[in-house]
Every structure is written in C-alpha cells, then in structure tokens.
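Peer 1: mind looking at a prediction? Sequence and model below.
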Amino acid sequence: MEGINKSLFEQIQKDIGLLKYSHDYPLGENIIKFFELEADDYEERQNLASSISSEILQPHSKQHLPGIANRLSNLERNLQDIQPYQRDHICHTLLTFLLGFAIIINLKLEKKYRDFLFQWKLAGLLHDVGYPLEITDNLNKDFFSNYDKNVLNVKSEFSPIAGNYLRKYLKLYTCHSTQNRDTLDTIRMRLSNWKLNIDPKKLFNDMIDGKKFDCDDKRTDHGITSAILVMKAIDKLYEQANPKQKVNDTGWSFENIEFHITNACSSIFIHNLNLKNLQWDFNSIPLATLLKLCDELQDWGRPKKDNKKGELPTDYNFKIEDNMLTFFVKKEKKKDFMNRINKVKNFPIKINDL
C-alpha cells in the first residue's frame, strides 16, 4: 500500500467503524487488501470492491444495489479490444466513495449537513451503475456510424436503446402528494430547489431521441441512466417495506425518500453533465459538489487496454489540513486536473505539484 492509497487509509482508519455493519465482516482488513492489490489484479480487485460496497450499504438494507453494476466489470474487461479507452468503474466508485468519506470526516460535514454520510453512501457508491447502457449505446453508435458512412454512404443517425429500457422505470410508487409523479419530475423539483435551471425531462428526451443535449456530441449519459436506475430500485424497496405508505420511524417513510434519496439521485443525475452554465457550488449543493469533485479527482488504478495497471497510486497524493484539501499530482498533469474541477465552486481545495 503506497501513495494516495496509503494516505487515504491513514485518513479513514480510525473511522472505519462508521461504515461497518456485520460484526464478522473484516471491513478494515478488506479495504487494506483492496488498496494493496494492483490494478491488473482485475477480477479479485473488483470482486472485493463489490463486497466492500455491499457491506457499507448493508445498514440501510440496500446492500444488493451495487450488484446492479457487478456485470459491468466483466463487460469493461472484455470490451477493451473494441474500446481501448474503456476504463474500470467498479473500483473507481469505491475509491471515489472513500476519498469523499475522508473529506466528510475531516471537514466535519456530517455535523453540518443532515444525514450527509448516508446520502454520500448512495451517491458515491452508486453513481455509475447505469454505465452499461452508455457502453452499449457507444458500441451501437460506433458500428452504425461506420455502417451508414462507409456502406450506405448516408448521414449517420444515433438512436440510443437506453430510452426503450428506461421509460418503464420513470413512474414512482412512493410519494405523499400525488400518484402521478415520476423520477424526472422528482429530480426536477430538487434541482429547482437547488436553483439549477435544468430540465431533466428535456435532457432525457433529447438523449433518447439521439439529439445533442449537452456541450458534447450525441450520446447516452451514464449519470442520467444511473440516477433513474437507482431511484427506481430504492423506490421498489420502499414499496416492499412500507406498502401502505405510512409515516413511521422504520426508516422507510416518505421523509427519507423525499430528502435523502432525492438528494442522492439528483446529484447522480447531474454529475457527468457538461452544460455550459452548470456549476457545482459547495455552499448551495454540497452533496452534488462532493460527488463531482471526487469523481474528477479519482483517476488512479483504472486500467485500460494500453495501461493495464492504470495510473499508479504513487503518482497521486492528498492531505487535509486546516479545513483545506490539497491534492497532489505530477506537474505535467496539474493543468488537466485544474480544468477538471474548474466548475466546482467554493470548495476548499488546492491542486499542487507532487
């Protein structure tokens, strides 16, 4: 264990008990083992990441949710010959979560924001579960754009399959105000509360219609797909645990899904967007900002075809002192990382040379 992995474990070691649920699950030992595995120990490392993530979500009866993405590990590994740029997302989500956990502890965010750690568990560990839909549509786009251009000699059209799959998950069961609310309406109301001028329904419809909906090209966005899948999965858990929609203290009442779940899913929805005027302001939307920040910073140990070990943990480091996060990268990468987080506002962070 070395580099940023060593620093990360040192920062969270004394507080690992906050994440542990099963008395016989060796959470600390498994996190150490995970940090000590190299990125090309692909299968063992990803299985361990999934096990750790499930343990962390176990107290909230959501331990099965990381399984939504379990098959993603094999998919990404087998696709690297077709999409050489394809990187790991299973271990990435765990490392993203642990980095955010260290920040939460040191900046005392759990004391400042209500049930912040629980919301972070959902956002940090589940923000990429919809990635298989993005991968599938990318493969379709690669194939049919080549076919249209080189075989048929016609203008290529992008027709994502994600929409056909996700439309049936938009309707929500749990609500206290109306039976007609859906996932995108719920997220829209939260984004409006956050003073973000974003219309999730328009973004979703533009995405599945194969239109440009972001500053990027036509594409399927894994943040949008992940938010829908997570909200619907948790909605189903609420339906099973509280079918009569009673207000109670079991943890499955409307207040929780209205506040915690919506915060997490709305943060997931926007974390990969590149809208021109979208900024993540830590003072206004702390959860979404923390997700955006940690997602951008977590770049080590993510193997791809031409780099089986990924960026090495020794090429990165961080410290948190005096309520300031200092993130260290090699000098030649400093500008890149500053650009990555240039839309994150009012977060106490510096990017320094390693």
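Peer 2: Structure's in. What do you need? Numbering: from 1, shown residues only.

Peer 1: in CSV, list the C-alpha atoms belonging to stretch 4-14.
Peer 2: Only the C-alpha atoms of stretch 4-14 are listed here, as CSV (Å, rounded to 0.1, in the frame of the first residue of the first chain):
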residue,chain,number,x,y,z
ILE,A,4,-2.5,8.1,-2.3
ASN,A,5,-3.9,4.7,-1.2
LYS,A,6,-1.7,4.8,1.9
SER,A,7,-2.7,8.4,2.7
LEU,A,8,-6.4,7.5,2.2
PHE,A,9,-6.3,4.6,4.6
GLU,A,10,-4.5,6.6,7.2
GLN,A,11,-7.2,9.3,6.9
ILE,A,12,-10.1,6.9,7.4
GLN,A,13,-8.6,4.1,9.6
LYS,A,14,-9.9,5.3,12.9
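
Peer 1: quick one: average pLDDT of that stretch?
Peer 2: Taken as a whole, stretch 4-14 has a mean pLDDT of 96.

Peer 1: residues of it that come out buried?
Peer 2: Neighbour counts over stretch 4-14 (16 or more other Cβ atoms under 10 Å) mark 4, 5, 7, 8, 9, 11, 12 as buried. In short, each C-beta sits where N, CA and C put it, glycine included.

Peer 1: okay if I get these as a markdown table plus secondary structure and distance to residue 351?
Peer 2: Listed next are the buried residues of stretch 4-14 as a markdown table, based on DSSP: H, G, I helix; E, B strand; the rest coil; distance: Cβ to Cβ, whole Å:
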| residue | secondary structure | distance to residue 351 |
| --- | --- | --- |
| 4 | helix | 14 |
| 5 | helix | 19 |
| 7 | helix | 16 |
| 8 | helix | 17 |
| 9 | helix | 22 |
| 11 | helix | 18 |
| 12 | helix | 22 |
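
Peer 1: can you report phi and psi for residue 326?
Peer 2: phi -110, psi 120 (degrees, to the nearest 10).

Peer 1: which ones are touching it?
Peer 2: 318, 319, 320, 349, 350, 352 (Cβ atoms under 8 Å, 6 or more residues apart in numbering).

Peer 1: how far away is it from residue 311?
Peer 2: 19 Å (Cβ to Cβ, to the nearest Å).

Peer 1: what of residue 285?
Peer 2: 28 Å.

Peer 1: who's more crowded, those two?
Peer 2: Neighbours were counted for residue 285 and for residue 311 using other Cβ atoms under 10 Å; residue 285 has more, 24 against 19.

Peer 1: ok, the residue nearest to the more buried one when sequence neighbours are not counted - contacts?
Peer 2: Counting by Cβ to Cβ, 6 or more residues apart in numbering, residue 285 lies nearest to residue 194, which is 4.9 Å off, once chain neighbours are set aside. By Cβ under 8 Å, 6+ apart, the contact list for residue 194 reads 266, 284, 285, 288.

Peer 1: which of the residues you listed fall in helices?
Peer 2: 266, 288 (DSSP state H).

Peer 1: and residue 254, how many neighbours?
Peer 2: Neighbour tally, residue 254, other Cβ under 10 Å: 17.

Peer 1: rewinding a little: just give me the closest of the contacts of residue 326 to residue 231.
Peer 2: Distance to residue 231, by Cβ to Cβ, is smallest for residue 349 among the contacts of residue 326, at 29.2 Å.

Peer 1: determine the set of other helices and strands touching the helix or strand where residue 296 lies.
Peer 2: In this assignment (DSSP states H and E), residue 296 forms part of helix 286-297. If contacts are counted by 3 or more Cβ pairs under 8 Å, 6 or more residues apart in numbering; DSSP states H and E, helix 286-297 sits against helix 90-107, helix 109-112, helix 116-126, helix 262-270, strand 280-281, helix 334-340, strand 344-345.

Peer 1: show the average pLDDT along the helix or strand containing residue 49.
Peer 2: Residue 49 belongs to helix 42-57 when assigned by DSSP H and E. Across helix 42-57, the average pLDDT comes to 88.

Peer 1: can you pick out the most distant pair from the contacts of residue 326?
Peer 2: Most distant of the contacts of residue 326, by Cβ to Cβ, are 320 and 352, 13.0 Å apart.

Peer 1: neighbour count winner among these two?
Peer 2: residue 320 (18 against 13).

Peer 1: the more buried one contacts residue 8, correct?
Peer 2: No - using Cβ atoms under 8 Å, residue 320 is not in contact with residue 8; the gap is 10.7 Å.

Peer 1: quick check: neighbours shared by the two?
Peer 2: residue 102.

Peer 1: how many neighbours does residue 21 have?
Peer 2: 14.

Peer 1: find the nearest non-adjacent residue to it, please.
Peer 2: Nearest to residue 21 is residue 58, by Cβ to Cβ, 6+ apart, at 4.1 Å.

Peer 1: any idea how far residue 212 is from that neighbour?
Peer 2: 41 Å.

Peer 1: same thing with residue 312?
Peer 2: Distance of residue 312 to residue 212, given as Cβ to Cβ: 36 Å.

Peer 1: longest helix of the chain?
Peer 2: Longest helix in the chain, counting by DSSP H: helix 222-241.

Peer 1: which strands or helices does it pack on?
Peer 2: Using 3+ Cβ pairs under 8 Å, 6+ apart: helix 222-241 touches helix 116-126, helix 131-147, helix 162-166, helix 183-193, helix 200-208, helix 262-270.

Peer 1: mind checking how far the following helix or strand past that helix is from the chain centre?
Peer 2: Later in the chain than helix 222-241, the nearest helix or strand by DSSP H and E is helix 254-256. Put simply, helix 254-256 sits 22 Å off its chain's centre (Cα atoms, centre = their mean, to the nearest Å).
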